[in-house]
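# Predicted model follows, preceded by the sequence.
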Amino acid sequence: MSLTDFFRINLPYGMKKNSSGDWFTFNREYVPLGWNSTRNSESIYEEKPYSEYPVHTKFKGLTDKAILNIITDLEAIKRNDDGEIEVVFFYKDITNPQSHPKYWNEYFEKIKAFSKFEIVE
């Protein structure tokens, strides 16, 4: 799969948290939203991927419990060695709303729920 359209470049596929509790949202090719190339991409499974770029944000109340209220598919959640959530996926290939339009509402409900979290200043 490649960055060939608006959906894959600009809409979130998931989020990654680093050990500082900062999150960044990534597109279908695991690069920060809006990036249209995978050249020089970093693995989201690194401790602080893309730490040189201003893509990370800390959100008030974005706890594991809050995430589990939004993401109910446990296969869409990856945890670190301490059991804390560090990666969240908003859809899987089988529930990709672009390929399977019946999942658009489910996808947007997740986006709406996450959009309520405000930044920590």
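Good, I have the coordinates. Since this is a predicted model, take the numbers as computed values, not measurements.

# Going by C-alpha atoms from here, please, whenever you check contacts or count neighbours.
Will do.

# where does this structure dip in pLDDT?
Within the chain, the ranges that satisfy pLDDT under 70 run 1.

# Please enumerate the helices of it.
Assigned by DSSP state H, the chain shows helices spanning 6-10, 64-70, 104-114.

# Against which helices or strands is the second one packed?
Pointing back at helix 64-70 there. helix 104-114 (3 or more C-alpha pairs under 8 Å, 6 or more residues apart in numbering; DSSP states H and E).

# what comes up buried for the helix it packs on?
By 16 or more other C-alpha atoms under 10 Å, the buried positions in helix 104-114 come out as 107, 110.

# Also stretch 16-35?
Quick answer for stretch 16-35 (16+ other C-alpha under 10 Å): 16-18, 22-35.

# before we move on, what about stretch 96-104?
96-97.

# please renumber so the chain begins at 161
Got it, the first residue is 161 from now on, which makes the last one we talked about stretch 256-264.

# now do the same end-to-end measure for that stretch.
8 Å (C-alpha to C-alpha, to the nearest Å).

# Can you list the neighbours in contact with that stretch?
The contact list for stretch 256-264 (C-alpha atoms under 8 Å, 6 or more residues apart in numbering) reads 167, 251, 254-255, 267.
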